[in-house]
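Peer 1: My questions concern the predicted model and sequence given below.
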Amino acid sequence: MDPAADEETWAAAHSQYAAQPTLDRPDGAIIATTAPRRWAGEPVRVLDPTP
């Protein structure tokens, strides 16, 4: 079972799925968010654009 399916919203599940490594992005994508704490403990890289 995909751990992203356990998320509370489809947006969070989609973001986590989209950030997974692929052949053209072996390190995965980066999630840009103003709420980086929401992603604490998740297997994603986070970019916090807040100053």
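Peer 2: Looks like it came in fine.
Peer 1: Give me the contacts around stretch 35-51.
Peer 2: 12, 15-16, 19, 27-34 (C-beta atoms under 8 Å, 6 or more residues apart in numbering). From N, CA and C alone the C-beta is placed, and that goes for glycine too.
Peer 1: element containing the residue most central in space within the chain, please.
Peer 2: Per C-alpha atoms, centre = their mean, the C-alpha nearest to the average position across the chain is that of residue 16, at 3.5 Å. Secondary structure assignment for residue 16, by DSSP states H and E: helix 10-18.
Peer 1: Next, the buried residues of that helix.
Peer 2: For helix 10-18, burial by neighbour count (16 or more other C-beta atoms under 10 Å) applies to 12-13, 15-16.
Peer 1: from those, which two are the most distant?
Peer 2: For the buried residues of helix 10-18, the maximum inter-member distance is 7.4 Å, found between 13 and 15 (C-beta to C-beta).
Peer 1: what are the C-alpha coordinates of the helix holding residue 16, in CSV please?
Peer 2: Extracted in CSV, the C-alpha atoms of helix 10-18 (Å, rounded to 0.1, in the frame of the first residue of the first chain):
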residue,chain,number,x,y,z
TRP,A,10,-5.5,14.5,-1.8
ALA,A,11,-3.3,17.6,-2.2
ALA,A,12,-0.8,16.3,0.4
ALA,A,13,-0.9,12.8,-1.1
HIS,A,14,-0.3,14.1,-4.6
SER,A,15,2.6,16.3,-3.4
GLN,A,16,4.3,13.4,-1.6
TYR,A,17,3.8,11.2,-4.7
ALA,A,18,5.1,13.8,-7.1
